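1. sequence first, predicted coordinates after that:
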Amino acid sequence: MGRAAALLRADALAAIVFFAVSGLIIGLSWGYPPRPISEAGGPALYPRLVAGILAVLATMVMVRAWREKTEPIRVSKRQAVSLLTTLVLLVVMIYMLKYLGFLISSFVFLTASILFFRGEPVTVRSILYTILISAGITGVAYATFWWGAKVPLPIGIFFGGI
């Protein structure tokens, strides 16, 4: 198998996706208002930092994919459905952030994701457990961004936003 074929394998495909996401984040961050570096770098600092780290990691994955021979990707129907479901849930969540805010959107996304990927029959107990886990993860993420990193999050119409 030649190097060109190796680049079409899972690692290389993931690296290409990560490069695209990194470029998208950097491109979107150019629209953020400028601030002096003395004010903690402004609102574009964190997105650009994450995008830069993502690009470096994608480069490392691409180099590894170029050097090593890997097996072709084999995707089952269940895996394809899972991927598409996750992408649809993410797109819906991102769209709903403006209207429902971070707390509600994240909670609904996590609850739906956990119930979908659970792999067991849904029971009242599993729903309650999922609600507790989703609320806990959403609360920790909110506290980390809002209070820890001082990053304003969308609050939605129910909490006086828009």
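-> Structure's in. What do you need?
2. go ahead and flag the most central residue of this structure.
-> residue 90 (7.8 Å; CA atoms, centre = their mean).
3. wait, it sits on residue 108?
-> No - the pair residue 90 / residue 108 is not scored as a contact, 12.0 Å apart, by CB atoms under 8 Å. To be clear about C-beta, it is placed using only N, CA and C from the backbone, and glycine gets the same treatment.
4. the strands in this structure, which residues?
-> Along the chain, no segments are classed as strands by DSSP state E.
5. helices and strands around the top helix by length along it, which ones?
-> Assignment by DSSP state H gives helix 77-117 as the longest helix of the chain. Packing partners of helix 77-117 (3 or more CB pairs under 8 Å, 6 or more residues apart in numbering; DSSP states H and E): helix 124-143.
6. which residues does residue 62 contact?
-> Residue 62 makes contact with 7, 11-12, 15-16, 19 under the criterion CB atoms under 8 Å, 6 or more residues apart in numbering.
7. highest neighbour count among the residues you listed?
-> Neighbour counts for these, by other CB atoms under 10 Å, peak at residue 15, which reaches 22 neighbours.
8. which residues are in contact with that one?
-> The contact partners of residue 15, by CB under 8 Å, 6+ apart, come to 58-59, 61-62, 65.
9. next, the buried residues of stretch 145-162.
-> Buried residues in stretch 145-162, counted by 16 or more other CB atoms under 10 Å: 153-156.
10. turn these into TSV, including distance to residue 121 and pLDDT.
-> TSV is the format used below for those (distance: CB to CB, whole Å; pLDDT from 0 to 100):
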residue	distance to residue 121	pLDDT
153	35	81
154	35	82
155	36	83
156	33	82
